[in-house]
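Q: Pasting a predicted model and its sequence here:
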Amino acid sequence: MSTPATPEPERERKKGGPWANRIVSSEVVRTPEYDAFMDKLAEYHEKRGTTFTREPELGRKLLDLHKLYNTVTKLGGYDNITEQKGAWRDIANTYRSPVNNSNAGYLLKTIYYKNLAAYEITNFFHKEPPPKEWLEDRSAAGGAIMTRTAEDFMAGQAASPKAEANGDSQSPPPTTEKRRLRQSTAMSPSKYEIQPNAGDPGLRQQPTPRSFFAPDTTPQRAANYSRSSSSSQQQTSQNQSQQSNQPATNGAHPQVFSSGNAHHFPDFRPGLHTLPMVRPVLTPRTAPGSFNRAPFRRPRLPEINGLHNQHMGTRFGAGCPGPSLMHRITMSLKSELPDDVEYAMGQLVRISHDAGDDLRADHWPALCETLFHMLGSVVQLVKDHGTEDSVYGTEYTEKLERVINATLIIRNMSLNTENSKRFALVNKPKDILLEGLKLPNYPNLTELKNYLLEITEGVAGWLPFGAGDTLLDVLAEDLGSIDRGKLLGSMRAICRLVVGRDDFNRLGEIPFKYITRITNLLMLEDDELVSACLDFLYQYTTHEENIERLMQPPEGQELVRQLVRLLLFQGITGEQLVYIKMVKKPRPPVHDIPHLPNEIVQDLLTYAEPERATKWMRCCFEEDPEADITQIALWQAYQARFNEYVSAGFPLLPAAEFIKNVSVAFQTASAMVLPTTQGQKFIIKGIRARETPMSTKGHVYLACKWFNTPGNAVSKCTAQLATPQDLWAHILSTHLTPPADPSVAGRPLWCNWAGCPRFGTDGEKNRFNVIAHVRTHMPDMKKPRSVSREEQEMLDDPDARVIIRRCQTVTDERGEAGGIPLTSILVLRNLSKRGGATAKMLIDGSREELAEVMAVNKPLATWVGDLLVGGLSGVE
């Protein structure tokens, strides 16, 4: 039965019950819609047989379940919010709980889970929720609730052969969406693995490991019962440990080797061969549920001599995991059998893409030799059968595709620095790369040549390079290609080939028409292409004769202009506030402890101690980290206000307990002892007196600032009113009352509101003019517009800050300049240092643009400043 637990904070506080120090506020607004929703929710839990809390508590605040349900369903429901990190915490922060709780998000999630999760499935998603044993009786940390519907719950029960075999009535938890996706991915065959025939039955799921009977092998006459029993148990435990270490080879779980790699993500180091081990086999007796489905039924064998053959026998090699996948690939390539080679190449392409860094060339040297041998055969293949026709013949197409796959594998492996170094020093692929790059520009060879350029880029740093190197000449020919891939690959390969080694200025031998084309490409909005062009120009401008060719007008002026433009390439513009002087705000004035109106005092008397003292502090004080008040002043103010009610049965809280209770009323306040010249000073740090009191409901009162005698602070009115209407009525009835004698109707009146000098010393005889003026002192009943901190500071002192425009370009992890802007400034620096008077004159013509870049782009400010003043002593 449903038993709503509804707290009654008001009644408990008055009686001093357990809720006296807990509930601070409540957001529950009992409207007809709220009552109808709660009655419907209570009826739902009663039918379901679950317990719910009608008004749950979150940080000493009562929650409105109707409002919480509407908020969650508007955001997509429980599952949608749970998938977003920190979403429950953000919703909990909107309640502004009076108690800081770092675990408020999880508590709110638990409240919703226990009270509204099943209701959401039924009324929002219109599905049947699972039994309460799988929802309310479990923790809220169990994942998505929409995967625990009745359909999933029954499916989980039906798909558990272990439960059926053991006779268990309770099914395992239903499969979540992530787990279902992970299982489908793990069980799906790879693109390059051999698929079973359509007529073959599916592989069985791995059964629960069971202990096999191990008979005693010792001589019967030399062993007694206890010894035989212990030996049998020891042998059984050894079998179990060996079976637990044995890798699974069924279709549902991939083969796992000793290093932890799976069958589809193999061990890339040669491993030891393992002996076949005995594995448990599914039988109708051990797992009857597995044989109820069609894929697990044993095929019927043909009849022999009119009789049914009931025995299938044991397959040869059952239980032996066999060699690792990498051994199979190596043996397949060496066999040169078409099907095996095709299988090996497909597996290698996948492995090099998924784990190219782990596929080490020093672990598989024979494999690398075979791949480079296949790559070297492409030259003769193209000479014999090469043509511009993309569809030439089946045999040629298959061989060319095999060579392209081998090149792709080498390209993926060369992304690893150690593999690239070994390729360059051991395999010596320079001649093969030269012959491959010289192949005709047939459309069916474009992919192959792009892979060769990327391989050249990876191994170029370790290849031999000299004055008459033909590799640079071959790469330079692709600088005029209209193929973007070839152009990028050739520029990158040339940069890696000559970096730090171009003592002979081989770049200067490249035709100048290619250099002009590269400078023109800087105008494109292509990040990758512009970056490659700048890297090439940085290497090209390391020689003075090359710069002299570049700076010839008008190409030199346009180059400098484009380089200056790229200093703000893809910069993020914004504004930065800079304060030009220190703004010291005056501290708020210190007020006397306000006098509480009688209605607030009567409300405080309904609370028992220490709750009454806590409420009184909050009514008269507010938090201020910089303010303080002496402990004796605080205690005397409390004592003076409630001392008259002691005889009526309202005892005061002892002084020591009263001071300790300050930290309960204000979490940031604390009692402190300060040493002074007169001795110790006992203070309360972190609170200050309010200008006007606040009610226990949080309503701030208004103070009357009328002085009965102008200039005399003692004559100030002490009235505290709840609303502006009450304050205005008080002024008219007390301070601006019409005279009773009509003969003195023309006497002068003054505005004595907080020392207002409006009517001077003579006053105003027209009472209506005075009333109209005093009306302007009344507080505005409209809610003021919220002002940000920056706007308030600007209003306080408009000359205190300056707005500076910024343009932030890309930076590295240390916050320093990087990317295209950094390479552009490096090229400009080379031009300035090695270009002579012509280059300096062209750069000086862009001095204003460079000064603007230095002002708005902070990461490049130092670089541009050194370029302008010429303070650099060397060139990188």
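A: Sure, I can see it. Residues are numbered from 1 along each chain as shown.
Q: so where does Thr110 fall, helix or strand?
A: helix 104-123 (DSSP states H and E).
Q: List the buried residues of that helix.
A: 104-105, 107-121 (16 or more other CB atoms under 10 Å). In this view, the C-beta of every residue, glycine as well, is placed from N, C-alpha and C.
Q: can you pull out the helices in the stretch 251-400 of the chain?
A: 325-335, 338-354, 365-376, 378-385, 394-413 (DSSP state H, counting those that start in this stretch).
Q: May I see those helices organised as CSV, with mean pLDDT added?
A: Below are the helices of the stretch 251-400 of the chain laid out as CSV (pLDDT from 0 to 100):
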stretch, mean pLDDT
helix 325-335, 87
helix 338-354, 90
helix 365-376, 89
helix 378-385, 83
helix 394-413, 89
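Q: now what about stretch 437-448, what contacts it?
A: Residues from elsewhere that reach stretch 437-448 (CB atoms under 8 Å, 6 or more residues apart in numbering): 378-379, 382, 386-390, 392, 400, 403-404, 407, 436, 449, 452-453, 456, 474-475, 478, 483, 485-486.
Q: can you check stretch 480-498 too?
A: Applying CB under 8 Å, 6+ apart, the set of residues contacting stretch 480-498 from outside is 446, 449-450, 453-454, 456-458, 460-461, 463, 465, 469, 471-472, 475-476, 478-479, 506-507, 513-514, 517-518, 528-529, 532-533, 535-536, 539.
Q: can you rerun that using 6 Å?
A: 450, 453-454, 456-457, 460-461, 465, 475, 478-479, 514, 532, 535-536, 539 (CB atoms under 6 Å, 6 or more residues apart in numbering).
Q: so which of those residues is the most crowded?
A: Thr456 (28 neighbours; other CB atoms under 10 Å).
Q: quick one: contacts for that residue?
A: Leu433, Ala493.
Q: Please give the element, helix or strand, for it.
A: helix 446-459.
Q: With adjacent residues omitted, what lies nearest to Glu528?
A: Spatial nearest neighbour of Glu528, excluding adjacent residues (CB to CB, 6 or more residues apart in numbering): Leu488 at 6.6 Å.
Q: That neighbour and Leu563, how far apart?
A: 20 Å (CB to CB, to the nearest Å).
Q: What lies in contact with the helix or strand just after the helix holding Thr456?
A: With elements assigned by DSSP H and E, the helix or strand that comes after helix 446-459 is helix 470-477. Under the criterion CB under 6 Å, 6+ apart, residues Leu437, Ser490, Ala493, Ile494, Arg506, Ile510 lie in contact with helix 470-477.
Q: Tell me where the stretch 1-150 of the chain has strands.
A: Secondary structure of the stretch 1-150 of the chain (DSSP state E, counting those that start in this stretch): strands located at 25-26, 61-62.
Q: Report the contact partners of Ile687.
A: Phe621, Phe666, Ala669.
Q: Output these in CSV, with distance to Val864 and pLDDT appended to each entry.
A: Below are these laid out as CSV (distance: CB to CB, whole Å; pLDDT from 0 to 100):
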residue, distance to Val864, pLDDT
Phe621, 56, 91
Phe666, 53, 89
Ala669, 53, 88
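Q: so which of these would you say is closest to Asn708?
A: Checking the contacts of Ile687 against Asn708 with CB to CB, the nearest one is Phe621 at 27.7 Å.
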